[in-house]
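In: Got a sequence here, can you model it:
(chains A, B, C and D)
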2 protein chains.
Amino acid sequence: MGNTPPVGRKVTLSDIAAGCDVSRATVSLVLRGSPLVNKHTRARVEEELRRQGYVYNRAAANLRRRTSSSIALVLNDLANPFFAEFAAGVDEVLGDTGFVTLLGSTSESTERELAVLSSLMEHGPAGIILSPAEGSDAQQILSAVGGVTPLLLFNREVSGDVAACDHWDRLFLDNQRGARLATEHLIAQGHKRIAFYGGHLGSSSCRQRRAGYTEAMKAAGLSVEPSWMVECIPNRLDAVAQSDRLFQGKTAPTAAVCYNDAVALGLMLGLHQHGLQPGRDFALTGFDDIAEAAVSAPPLTTLAVTPRDRGRQAAELILQRVKDPSPPPRQTIAPVQLLIRASSCPPHV
Amino acid sequence: MGNTPPVGRKVTLSDIAAGCDVSRATVSLVLRGSPLVNKHTRARVEEELRRQGYVYNRAAANLRRRTSSSIALVLNDLANPFFAEFAAGVDEVLGDTGFVTLLGSTSESTERELAVLSSLMEHGPAGIILSPAEGSDAQQILSAVGGVTPLLLFNREVSGDVAACDHWDRLFLDNQRGARLATEHLIAQGHKRIAFYGGHLGSSSCRQRRAGYTEAMKAAGLSVEPSWMVECIPNRLDAVAQSDRLFQGKTAPTAAVCYNDAVALGLMLGLHQHGLQPGRDFALTGFDDIAEAAVSAPPLTTLAVTPRDRGRQAAELILQRVKDPSPPPRQTIAPVQLLIRASSCPPHV
DNA sequence: GGGTACATTTGGATCGTTACAAAAGGCGAG
DNA sequence: CTCGCCTTTTGTAACGATCCAAATGTACCC
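Out: Numbers count the residues shown, from 1 in each chain, chains lettered A, B, ... in the order given. Model prediction:
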C-alpha cells in the first residue's frame, strides 16, 4: 500500500501526485493553500506530502513565476561588529517574510565588490542591499547589477556619475548631526580647543562627520587649527600610531571628536603614551557605540547607531521597493543618539 | 541593425540566439566555454551577449542539471564577532569557488533554527554549515534537513540520538586542550586555588572546557571547591552579575579560567567591585581572543581560535563533501593557541 | 430532462537552461 | 560520385513548479 519514496532523487510534486492519484496541478494548489481544493482531497495530499518527505523547490517555482525570493546583502566588512549586527537585523526581517539572504562580503575591495555583485546577480535576487567598499564607482556598480534590480545603498555614498544611480534608495546614518552633537557636548563641557581625529576623507561618512564638527565649532565661534584635523585608517592600530600628530601644532587640543569608537579607543592608548589620562586630562568622544565602548577605561562617550535596527530598517525598505518599484527613490537618514559617559570630562585645569 | 534588448523582461539565452541567428543550444555552449563551437561563431555570440547585457540565470541551469550552487550557513549568533569572522571566512572561500552563501541566523533559538533550516532547504543548498543553537536536538534537525544534503556541524555538539547524525561531518575547536593549557599556565604561575568561571553546562563547548580544566587540576594534584565552578550566561553582563558567587565558598580562589573572553572581561569588572585588581590581585584567562582582549586593562591572556581560518576550513570541508559524498564522515579538531598577556599574573602575596 | 450555477479537478504549455542524439556541411580518399 | 569522417550546429525533451482555459461532477430549479 502506497509507493515508497524515490531513491537518490528528491521527491517532487509529481511523485506526490502519483502517490495519491491526483494531478500535479491539484498538488500545487494544496501546497499554496488554495481554497479551491476539496477538504478531503487536501487531507489526502497533505498526508502523502508527509509520508514521502516532500520539500518544496522554490527555485523551480520562482523560474515559472518569474519571481524571486532572495535578497542580496553585500557588505564591505562583515567582520566589523557594526556590520555583523546590521546583517543579523537584515536576516531577521527577511527570514520572517520568507526571503532568504544571499551573503557577499567584499573586504573593502572594489574589484571583489564587482565580482561578488555579478556572481550574486546570476542568482536573480529580488533586491540588493549594498554597503559599498571605499572608492566604489557608481557607473561600474550599475553595470554589474543592471538597471532593473532594486538597490538600497547603505551607510556610504558612492563616487562618480550621479545620474547613474539616482534611482537607488539610500539609508544613511545622521553622521553630520551626530558629530555636531558630540562637538556641542564637548563645548558645553567648557572645551575650546577641540580636534577632529581619524577617518579617511575618501569616505562620505567621514566627510559628513567632519562637517557636523565644523558646523558646531563655527556656531560657537571657535577656531580650528589645521593640526587638529588628523586623518587615519579607521582602526585602533593606526589610531595609536597617528596620535602624535595631534600635538605637533603650536597649540594642543584639550579634547577630540573621533571618527568612530575604534579610533577613539586607539587614541586613548596613544594619550597614555603621551602621559595624558583620557577622561581626566583629555576628553574624547567616539561614534557607533560598539560593545567595548561601555566598558573601556574610562567608558566612552559616543553616538549610538543601533546597527541591528538599521538592518531591520534596510530590509523593510528594500522589501517595500521590491513590492512596488514605482514610487520615486527615497533617501532615509537614521537618527543617532548621544550617550554621555566618563570620557568626555570638562577641561583639566 | 540588430534588435534592441527586450523591455521589462530579463534578457534570456533565446534573445541572444535570435539576435545572432544561431540556436539556443549553441549559445548555451558558448556560455559554458565549450571547445565545440567555432571561433568565429563564439565571437559573434559573445558580442551579442555584451550588446544585450545578458545575465546568466543560474537557477534555471541548476534546475535542469539537478545541481546547486549555494551553501547554507546557519549560525546561532551572527552578532558575535567570533561568528561574524567565521562567516567572513566561509564567504571568502565559497565566493572564490562560484558558490553563494545562503545566510540564516537563529539567535540561539531552537525553534527559529528549525524554521530557518526548512526555509533554506527549499532553496536546495548543496550543503549546510550549521553552528547549532544551544539545546538543538539531532533528530529534529535531521527531519528538517533530510538525510541527503551534506551537513557540517561546527563548534557545538547537538543533543539526542547519536545514530540520527553520525553521518554528519564535524569541525570543533580543541576546547579541552585549550582550557587545559590555560589552567596549566596558571598553575605554573604558582596558583593553587583556581576557579572555572562562566558558560552553560548545556553547551558542549563548556563541558569540554571544564573537562580540560579538571584534567589539569587533577594532574597537578590540586583540589577543586564546588563554589569555584560557577555557571553564567556567556556574556559580559551576566558575568558581572554572577561574580559574587566566586567568593561565597569558605576558601576564595586566586585565579579563574573563564569560559570565554566576554565572561572574562565581565569578571574583571566584577573584581573591581570587590576591590580586587585583575592582573595583580587576581589572575584570569579567557577564550577566543576577541579584538578587545588585547587592549583591555589589563590585556587578557586567552586562547586564539582564529575564527576566520575556521570559516575558510569549514567551507573547504563542506565543499569536499559536496564534491564526493562517499568517504566516511570526518571529525576535525582545530588547534587553539595560548596567548599569554598581563591578566595571568602570579598570585598576590 | 435540460439548463444553469457552482465547486473541483485537470491537461498542456511555459519559465530559462542543458543533455542528447541526430543532422548538416565540408573535405579528402577511393 | 559516393562514402566515411570530422567539425559544427541544432531540434526536442527534459528539470520541477505554475498558469490558464477547459473539463468534470453535482446540485438545484423550472
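
In: Would you agree A:I187 is in contact with A:A216?
Out: Yes: contact status for A:I187 versus A:A216: in contact at 6.6 Å, counting by CB atoms under 8 Å. The C-beta positions use only the backbone N, C-alpha and C, and glycine is treated the same way.

In: Among these two, which residue is more densely surrounded?
Out: Neighbour totals were compared for A:I187 and A:A216, and A:A216 leads with 22 against 18 (other CB atoms under 10 Å in any protein chain shown).

In: Go ahead and confirm the more buried one touches A:H185.
Out: No: the pair A:A216 and A:H185 fails to qualify as a contact (CB under 8 Å) at a distance of 9.2 Å.

In: hey, where'd the helices end up in the stretch 201-349 of chain A?
Out: Counting by DSSP state H, counting those that start in this stretch, one finds helices in the stretch 201-349 of chain A at the ranges A:204-219, A:236-242, A:261-273, A:307-323.

In: what's the shortest one in contact with?
Out: Pointing back at helix A:236-242 there. With contacts defined as CB atoms under 8 Å, 6 or more residues apart in numbering or on different chains, helix A:236-242 is touched by A:197-198, A:230-233, A:258, A:262-267, A:269-270, A:273, B:291, B:295.

In: 10 Å instead, please
Out: Applying CB atoms under 10 Å, 6 or more residues apart in numbering or on different chains, the contact partners of helix A:236-242 are A:197-199, A:230-233, A:258-273, A:292, B:291-292, B:294-295.

In: wait, what's in contact with A:S109?
Out: A:76, A:115-116, A:133-136.

In: now do A:R209
Out: Going by CB under 10 Å, 6+ apart, A:R209 touches A:173, A:175-180, A:182-183, A:196, A:198-199, A:203, A:257-260, A:287, A:303.

In: next one: A:S227
Out: Listed by CB under 10 Å, 6+ apart, the contact partners of A:S227 are A:195, A:245-253.

In: Put the buried members of those residues into a PyMOL selection.
Out: Provided next is the PyMOL selection string for whichever of the contacts of A:S227 are buried by 16 or more other CB atoms under 10 Å in any protein chain shown:
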select buried, chain A and resi 195+245+246+247+252+253
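
In: Give me the distance between the residue nearest to A:Y197 when sequence neighbours are not counted and A:F196.
Out: Closest residue to A:Y197 apart from its sequence neighbours, by CB to CB, 6 or more residues apart in numbering or on different chains: A:A256 at 4.4 Å. Applying CB to CB, to the nearest Å, the value for A:A256 to A:F196 is 7 Å.

In: and for the two, which residues touch both?
Out: Common contacts of A:A256 and A:F196, defined by CB under 10 Å, 6+ apart, comprise A:182, A:213, A:228, A:230.

In: Hmm, A:S344 and the first one touching each other?
Out: Just to be clear, that refers to A:A182. Yes: shown here, A:A182 and A:S344 form a contact pair, counting by CB atoms under 10 Å, at 8.0 Å.

In: Now do the shared contacts for those two.
Out: Common neighbours of A:A182 and A:S344 (CB under 10 Å, 6+ apart) are A:255, A:257, A:284-286, A:301-302, A:338.

In: Out of those residues, grab the one that's most surrounded.
Out: Result: A:V257 is most packed of the shared contacts of A:A182 and A:S344 (other CB under 10 Å), 33 neighbours.

In: Quick one: residues contacting it.
Out: Contacts for A:V257 (CB under 10 Å, 6+ apart) come out as A:178-183, A:185-186, A:194-198, A:209-210, A:212-213, A:216-217, A:228, A:264, A:283-287, A:301, A:344.

In: if we go to 8 Å?
Out: Here A:V257 is in contact with A:179, A:182-183, A:186, A:194-197, A:209, A:213, A:284-285 (CB under 8 Å, 6+ apart).

In: Run through the bridge partners of it.
Out: Counting by DSSP bridges, A:V257 is bridged to A:F196, A:T285.

In: ok, back up a step: ok, the shared contacts of A:A182 and A:S344 vs A:A88, which is closest?
Out: Among the shared contacts of A:A182 and A:S344, A:T302 lies closest to A:A88 (CB to CB), at 20.3 Å.

In: The closest one reaches A:D261, doesn't it?
Out: Yes: A:T302 is in contact with A:D261 according to CB under 8 Å; the separation is 5.6 Å.

In: Can you pull the residues that touch both of the two?
Out: With CB under 8 Å, 6+ apart, A:T302 and A:D261 have common neighbours A:286-289, A:293.

In: Mark which of the residues you listed are buried, thanks.
Out: Among the shared contacts of A:T302 and A:D261, the ones that count as buried by 16+ other CB under 10 Å are A:286-289, A:293.

In: can you list the domains in chain A?
Out: Partitioning chain A according to automatic domain parsing yields domains covering residues A:13-56, A:68-174+A:307-334, A:175-305.

In: Mind checking which of A:A256 and A:F196 has more residues around it?
Out: Each of A:A256 and A:F196 has its neighbours counted (other CB under 10 Å); A:A256 has more, 29 against 25.

In: show me the contacts for the more buried one.
Out: A:194-197, A:228, A:246, A:264, A:267, A:282-285.

In: Am I right that A:Q139 is in contact with A:S159?
Out: No: judged on CB under 8 Å, A:Q139 makes no contact with A:S159 at a distance of 9.5 Å.
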